[in-house]
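**Student:** dropping the sequence and predicted coords here.
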Amino acid sequence: LWLIAEELCNRLTMYFASGGQAPQQGEEAFAITFQETLPLQDYFSIIDAHFEARQNFSKSAEKLGERAHQFRSIQKRLLVRFKDRNPAALQHLDVLLEGTFQQLNTMGGSLEQCQGGLILASDRLRAATHLVLLLIRYRFDLDLESYETLQCYLPAVTADTQEQGWEECAEAAMTHLLRTSLSKTTKDVANIATQLTPLTDTTKLKKQIGVVCERLARGARISKDK
């Protein structure tokens, strides 16, 4: 939907900019607007789905790492016993090694599934972010500078790592935006570096996005200078 909407807007802008259809006397100049309510709840659901996919992948990778550590420990114990001239009884270590190996294969498959789910959730979040930014632009009549600056604060790129992901970066950016360009008063302006810490939920991020939209609706504008 984002690609279709953006392409439509681009073609309409190019058509009227090239003089494809000049406005008649008494008619307003061509302008793209969006009068409906922003679909923020749908967007928030996509954010939650991406955050959950990240958590599932992280938990699966952690469990796989723990089981791999157990597998190496059993291997070391078996090697020590095999090197002894008079090795002690295996005490079912061979059975435990085989069981752990099977668990590793199962967990590896689960990790691949979680990774596939995360990739799909990232693609949906990327497209939804592009669409929401486009709708915000035409809902609040943002100029090109404000629109491009907002794209920097709410990026559509989802480069997730073990330490931080899209949600952490977006929350830090929204916090900075609300303290600078979209601050209520000059007292709220603060150029304090925001430390990225792993999030436990997305409640604050969703609230900040809502506040940004509210202040834009009241006429506030984003400036690159702040």
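**Tutor:** It's in. Keep in mind that this is a model prediction, so the values were computed, not measured. Numbering: from 1, shown residues only.

**Student:** test my guess that L1 contacts H130.
**Tutor:** No - if you go by CB atoms under 8 Å, L1 and H130 don't touch, sitting 9.6 Å apart. C-beta coordinates here come from the backbone N, C-alpha and C atoms, glycine included.

**Student:** okay, those two: which has more neighbours?
**Tutor:** Legend: neighbour count by other CB atoms under 10 Å for L1 and H130, higher for H130 (17 against 9).

**Student:** where exactly do the helices run in the chain?
**Tutor:** For the chain, the helices defined by DSSP state H occupy 2-17, 40-83, 93-139, 144-153, 166-179, 203-217.

**Student:** just the mean pLDDT for the third one, thanks.
**Tutor:** Mean pLDDT, helix 93-139: 92.

**Student:** once you drop chain neighbours, what's closest to V211?
**Tutor:** Using CB to CB, 6 or more residues apart in numbering and skipping residues adjacent in sequence, the residue nearest V211 is L178, 6.3 Å away.

**Student:** mind listing what the one you found touches?
**Tutor:** Residues counted as contacts of L178 (CB atoms under 8 Å, 6 or more residues apart in numbering) are D188, Q208, V211, V212, R215.

**Student:** which among those residues count as buried?
**Tutor:** Buried members of these, counted by 16 or more other CB atoms under 10 Å: Q208, V212, R215.

**Student:** mind listing what's buried in the lowest-mean-pLDDT helix or strand in the chain?
**Tutor:** Every helix and strand of the chain was ranked by mean pLDDT, DSSP states H and E. The lowest is helix 2-17, at a mean of 86. Going by neighbour count (16+ other CB under 10 Å), the buried part of helix 2-17 is W2, F16.
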